[in-house]
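Asks: this one's sequence-less:
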Ligand SMILES: Cc1cc2nc3c(=O)[nH]c(=O)nc-3n(C[C@H](O)[C@H](O)[C@H](O)COP(=O)(O)O)c2cc1C
């Protein structure tokens, strides 16, 4: 059913408009009694429950950052079977992001290119919605991903991140420092260990008891992946998320003219799978067993999620395949995970 809807309707729509239409459905699914009905169909088997970061998750599979930038879809995403939702990226100062169009499908590769540029309503608006969410008795685990406001100079980045962390950490189940999106000038440069150390250290202080993670790019060379992972352990962070989107366009099947027309931005989806898995293995090889590693990038099937868990991920996230596989995606993954555990 969804493949037909995708081919005949969604693939003909502007991708960002299609995202807003999808988000409208997700929001509706978060409202009772629809949320109860959806939840009855999609509730993960209890044997998928897992603990990480001192938190209990209904399933190890969750929604990656960027899908719900403004904390409006958490209940609906839980109703679809996701075990956690990472909201954001949220910036201290509200911002519109880059001019549209800024989201492009590469259908033959089951991939997308985005240069959204952290469009979001800002940390104060996110805090208000998170406060409301915390009053719900049953809710998904909610991580909050924070990034640098575009108008703030890179040299002032620490204060900007600390502003968001101070406001949002008390309302988050876990907090993520995003230094890996390719669409904010200078952001990825913050991954260099000498700049990252003071930044993470200051945000760690601001986050208090809330678990803190750092999210890295797949384009870092292996030695830098290891250096950032070791730094995170050194500073007493709770985990690392690998990976964000890539600036590489290698190995694509989409016609080069279509890829060129999409222009700059981060590539996500199936082409990221191999590198994301390799980065997970690198990170896991240098961090202790109790350090949480979240794997994201190119995950499409329950087999992919199982592979990440077997490679040492504590949690797995996805985004792009949700666009291609539709609303039952998390349910399919959860069912497949359950079946593979039984086999
Ligand atoms: C449209 C879009 C927007 C995104 N926005 C963010 C973001 O705001 N912050 C972030 O950390 N990652 C963002 N990401 C990256 C995803 O969280 C994820 O790391 C990446 O897409 C790889 O996973 P996937 O292959 O399952 O999509 C975005 C991805 C997409 C496709």
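Replies: Received, thanks. This is a predicted model, so every value here is computed, not measured. Numbers count the residues shown, from 1 in each chain.
Asks: so what does the strand or helix carrying residue 164 touch, helix or strand wise?
Replies: Using DSSP states H and E, residue 164 sits within helix 157-168. Counting contacts by 3 or more Cβ pairs under 8 Å, 6 or more residues apart in numbering; DSSP states H and E, helix 157-168 is packed against strand 84-91, helix 123-134, strand 141-147, strand 174-178, helix 193-207. For the C-beta atoms, the positions are set from N, CA and C on the backbone; glycine is no exception.
Asks: Can you tell me how far the residue in the stretch 101-250 of the chain that the ligand sits nearest to is from residue 199?
Replies: For the stretch 101-250 of the chain, the residue closest to the ligand is residue 114, as judged by Cβ to the nearest ligand atom, at 3.7 Å. Using Cβ to Cβ, to the nearest Å, residue 114 is found at 24 Å from residue 199.
Asks: And residue 26, by the same measure?
Replies: 33 Å.
Asks: In terms of pLDDT, where does the residue of the stretch 51-200 of the chain found nearest the ligand sit?
Replies: Sorted by distance to the ligand under Cβ to the nearest ligand atom, the residues of the stretch 51-200 of the chain start with residue 66, at 2.1 Å. Note for residue 66: predicted pLDDT of 97.
Asks: Near the ligand, which residues of the stretch 51-200 of the chain? Just list them.
Replies: By Cβ under 6 Å from any ligand atom, the part of the stretch 51-200 of the chain that sits against the ligand consists of 64-66, 69, 88-89, 103, 112, 114, 116, 118, 145, 178, 181.
Asks: more crowded one of residue 26 and residue 199?
Replies: residue 26 (23 against 20; other Cβ atoms under 10 Å).
Asks: To what extent is residue 132 buried, counted in neighbours?
Replies: Residue 132: 11 neighbours (other Cβ under 10 Å).
Asks: coming back round to it: need the residues that contact the helix holding residue 164.
Replies: Helix 157-168 has contacts (Cβ atoms under 8 Å, 6 or more residues apart in numbering) with 90-93, 123-124, 126-127, 130, 144, 146-149, 152, 175, 177, 190, 198-199, 202-203, 206-207.
Asks: Return the set of buried residues in it.
Replies: Neighbour counts over helix 157-168 (16 or more other Cβ atoms under 10 Å) mark 157-158, 160-168 as buried.
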